[in-house]
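Student: would you be able to build a 3D model of this:
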Amino acid sequence: MRRAIIIAIFVIIFSIGAAFSAINLNPVVINYYVDSVSTPLSIMVIISMVTGIIIGAIAIYTSTLRLRYENNRLHKKLSLSEQEVNSLRILPIKDSH
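Tutor: Numbers count the residues shown, from 1 in each chain. Got it, this is the predicted structure:
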């Protein structure tokens, strides 16, 4: 059921994108410092969206890496603390009286 919903969403988004591309065929000129490029508006929108998705994915990936590193560090610290507690439990209690 979930897969059918996801496929339906992709079909709807694809249909909207195809309609947008069919309507907006006018060329857009983009001037760079060195050169200029003339492409249809729909292509520029798609390029902008893909670029945004890539930049967002990189940002999420870097924060995820940082969290994974912190998680591994804390797991090692927890393991050492558990080992220390277990070794202290084994030691006999010495009475100073």
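Student: show me where this protein has its strands.
Tutor: For the chain, the strands defined by DSSP state E occupy 27-31, 36-40.
Student: all helices of this protein, in order?
Tutor: Using DSSP state H, the helices assigned to the chain run over residues 2-23, 41-90.
Student: of the ones you listed, which approaches residue 35 most closely?
Tutor: helix 41-90 (15.3 Å; C-beta to C-beta). In short, each C-beta sits where N, CA and C put it, glycine included.
Student: shaky segments in this protein?
Tutor: For the chain, the stretches with pLDDT under 70 are 96-97.
Student: try it again at 80.
Tutor: Where the chain drops to pLDDT under 80, the residues are 91-97.
Student: how close does residue 10 get to residue 4?
Tutor: 11 Å (C-beta to C-beta, to the nearest Å).
Student: same deal with residue 31?
Tutor: 45 Å.
Student: so what's the residue count around residue 42?
Tutor: If you count neighbours by other C-beta atoms under 10 Å, residue 42 ends up with 19.
Student: and it, what does it touch?
Tutor: By C-beta atoms under 8 Å, 6 or more residues apart in numbering, the contact set of residue 42 is 17, 20, 21, 24, 25.
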